[in-house]
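# structure, please.
(2 chains)
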Amino acid sequence: MKIISLHADYIRFKPLKKALKKIEDLPEEEKSGSEVKEALVILAAVEKTDTNTAEVVKKLIENIKEIASQVKTSNIVLYPYAHLSSNLASPETAIKVLEEAEKILKKEKFSVSRAPFGYYKEFEMKVKGHPLSELSREIKVDEVKDAEEEKYDSKRLLKEISKTKLDASRLKENDHRILGQQMDLYSFNESAPGMVFWHNNGLIIRNELIGFSREIIKKEGYQEVSTPQIIDKKLWQISGHWEKYRENIFLTEYENREFAVKPMNCPGGILIFKSSPKSYRDLPLRVAEFGIVHRQELSGVLGGLFRVVQFIQDDAHVYCTEKQLESEIEKIIGLIDFFYKKFNFQYRVELSTRPEKRIGSDEIWDKAEDALKKVLDKKKIKFKINKGDGAFYGPKIDFHLKDSLNREWQCATIQLDFSMPERFELEYTDKDNKRKRPIMIHRAIYGSLERFIGILIEHYKGRLPTWLSPIQARVLNFTDRNENYARKIIKELEEKIPCLRLDYDFAKTTVQSKVKEAELMKIPYIIVVGDREEKENTLAVRIKGDRKIQSFSVGDFTEKLKKEIEERK
RNA sequence: GCCUCAGUAGCUCAGUUUUGGUUAGAGCGUUACCUUGGUAAGGUAAAGGUCCUGAGUUCAAAUCUCAGCUGAGGCUCCA
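Now for the predicted structure:
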């Protein structure tokens, strides 16, 4: 807000006609204008930046009071004067500020006149010539200071972010939410609903799964990329997400530009595709991204790791020609089957076909659906057809897995897409030197790492394969006498298997209690050493909960464990 | 988002309605000390509580009322 204060012998003003259409008519007594003597005239312009009107008014009053006491008058004239600024607030805001200021000044025993807002007015005044008779002031509310002044009590707020308490009354014993807590994998907090706080142990599983995927897809000829977390709204308008998916998108802003927190990875990936011209020799182009996405979901659908707001997709986009389509899909189905067999998952397949609202010709849809069907048949995969359930841009194959309550969750997905290449005008130069449009395949194998880990935990009842176990082996000593030998064993194991996740428990309690503790953490290899082992230079190992204890030489055990981890078993 | 249910110590739970009432209890875990043992809980002691948050009713609220948050199951939608 900008003001000029003028200390005048008198001011006379009279409204002539409305300058703004929406302004209400003046009451009769104001139509003839008025005259104020010995006045402090405040020419005022409220600006767009004056959003915190309460603070602005407060500061305006402070300024007026200060000047009024200096020039020794109590007659204030508030005079709207738009010409002081080129960045005016809305008339509503301006009137609000001026009215509020008038009210407060009157309470403080000033005599206040307010010239009508939104009228062309004629005015006449005689300004005194003393040093304080003409002053200009800029009234600014400091945003940072403003935030500080906002009253909050951090101790009280701390009370509000209590830890999330799980109601396990209807859950099975092997529910991932119960096991996740027992095995110290992750937690939730009400301050971030639907978002996972990964503890060290859980993050190990996530990283191992990603590592496994990286290794496999590299062999399959994939590149890997990473795209920004927030991207200008424009991109989502181009992709169509703005219309189709808006209510699920988190919005933010940066320097007066609207940004969307990405709900999907594809549009970002497409920008990489477009960053350089493509040739038919580049196709099929397989690009993977382990991308973090955020989606606003209805609060009632959230649940454990199965349905979350923030998750990582093992996403990939394959850009290919029509001819390559079938073999690419076949490859992806093979890949999904390979991954799911690795975990002994029984999955159910659905083929979703053209919906009523769709883009693309029937011919293309025929081709696309046929391609998907053909590959499924060829692979002898049983599937259910979900008529009309495809995406608006193409048909899809979904892979479903079951949880401990026998509910099905969609994990892997293969989606054909003719829409994005069109909207983003993707092109490659073909053999005949003509520009052609590639087809895009979206695919995810785990689907979301979160959901997949939830299913994994329940599937294995917490007893994960060794390569995924957060703690792969724990060394226990029988008595203090055996601690040195135990440390020697640890050193040897760590030297021979550098990536081994090994820990120990030398607590001065019974072996039974230490074994129990280790079993609760579902540690696959519990290595116990006592006088006997020390004497024979062996290890007594409890393998994957088996009560029959096996004895190994250190060398044999190391070999076995190393092999198992390397082969991801 | 809607319907139903739940939230008390790090974890699992008593206590909460019928009946609001002194300093909110237990087991496990933790810490200290004792115990030196052969594969899912060795002993003793101590520490540990925002009774989800806020407001209301009341002389008095973990307990009653209202609002909100989070979680669970279901509906609907998705990976």
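# can you pull the contacts of the residue lying closest to residue A:496 once chain neighbours are set aside?
Once flanking residues are discounted, residue A:496 sits nearest to residue A:558: 4.8 Å by Cβ to Cβ, 6 or more residues apart in numbering. C-beta coordinates here come from the backbone N, C-alpha and C atoms, glycine included. When contacts are counted by Cβ atoms under 8 Å, 6 or more residues apart in numbering, residue A:558 touches A:492-493, A:496-497.
# next one: residue A:558 relative to RNA strand B, how far apart?
Computed as Cβ to the nearest atom of the strand, to the nearest Å, the residue A:558 to RNA strand B distance reads 17 Å.
# now do the SS call for that residue.
helix (DSSP: H, G, I helix; E, B strand; the rest coil).
# and the one 5 residues further on, by the same measure?
Reduced to three states with three-state DSSP, the structure at residue A:563 is helix.
# what's around it, how many residues?
11 (other Cβ atoms under 10 Å).
# got the confidence number for the closest residue to RNA strand B within the stretch 151-300 of chain A?
Residue nearest to RNA strand B within the stretch 151-300 of chain A: residue A:300 (2.1 Å; Cβ to the nearest atom of the strand). Note for residue A:300: predicted pLDDT of 92.
# count the residues that sit near residue A:154.
6.
# can you report phi and psi for it?
Torsion angles at residue A:154 (phi, psi; degrees, to the nearest 10) stand at phi -60, psi -30.
# state the pLDDT value of it.
84.
# residues contacting it?
Per Cβ under 8 Å, 6+ apart, neighbours of residue A:154: none.
# C-alpha coordinates for the strand or helix carrying residue A:287, PDB please?
In this assignment (DSSP states H and E), residue A:287 forms part of strand A:285-294. Extracted in PDB, the C-alpha atoms of strand A:285-294 (Å, rounded to 0.1, in the frame of the first residue of the first chain):
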ATOM      1  CA  LEU A 285      13.700 -47.800 -27.300                       C
ATOM      2  CA  ARG A 286      13.300 -49.200 -23.800                       C
ATOM      3  CA  VAL A 287      13.500 -46.600 -21.000                       C
ATOM      4  CA  ALA A 288      13.100 -47.500 -17.300                       C
ATOM      5  CA  GLU A 289      12.600 -45.100 -14.400                       C
ATOM      6  CA  PHE A 290      12.200 -46.000 -10.700                       C
ATOM      7  CA  GLY A 291      10.100 -42.900 -10.200                       C
ATOM      8  CA  ILE A 292       8.500 -41.600  -7.100                       C
ATOM      9  CA  VAL A 293       4.900 -40.500  -7.800                       C
ATOM     10  CA  HIS A 294       2.300 -38.800  -5.600                       C
END
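# helices or strands up against it?
Judged by 3 or more Cβ pairs under 8 Å, 6 or more residues apart in numbering; DSSP states H and E, strand A:285-294 is in contact with helix A:200-219, strand A:222-224, helix A:266-274, strand A:310-320.
# swap in 6 Å and give it another go.
Strand A:285-294 sits against strand A:222-224, strand A:310-320, with contacts defined as 3 or more Cβ pairs under 6 Å, 6 or more residues apart in numbering; DSSP states H and E.
# format the ones you listed as a markdown table; extra columns: mean pLDDT.
Below are the helices and strands packed on strand A:285-294 laid out as a markdown table (pLDDT from 0 to 100):
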| stretch | mean pLDDT |
| --- | --- |
| strand A:222-224 | 98 |
| strand A:310-320 | 97 |
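# for those strands, which one ends up most surrounded?
Among the helices and strands packed on strand A:285-294, strand A:310-320 has the highest mean neighbour count (mean count of other Cβ atoms under 10 Å), at a mean of 23.
# those residues of the stretch 151-300 of chain A touching RNA strand B, which are they?
A:156, A:159-160, A:162-171, A:177, A:181, A:188, A:190, A:193-194, A:295, A:297-300 (Cβ under 7 Å from any atom of the strand).
# go again using 6 Å as the cut-off
A:156, A:159-160, A:162-168, A:170-171, A:177, A:181, A:188, A:190, A:193-194, A:295, A:297-300 (Cβ under 6 Å from any atom of the strand).
# what parts of the stretch 351-500 of chain A come near RNA strand B?
Counting by Cβ under 6 Å from any atom of the strand, the residues of the stretch 351-500 of chain A near RNA strand B are A:405, A:407, A:409-411, A:413, A:444, A:447-448, A:450-451, A:478-480.
# now the residues you listed in CSV, please, with extra columns for secondary structure and neighbour count.
As requested, those are exported to CSV (DSSP: H, G, I helix; E, B strand; the rest coil; neighbours: other Cβ atoms under 10 Å):
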residue, secondary structure, neighbour count
A:405, coil, 10
A:407, coil, 11
A:409, strand, 17
A:410, strand, 16
A:411, strand, 22
A:413, strand, 22
A:444, strand, 23
A:447, strand, 23
A:448, strand, 23
A:450, helix, 26
A:451, helix, 23
A:478, coil, 19
A:479, coil, 12
A:480, helix, 9
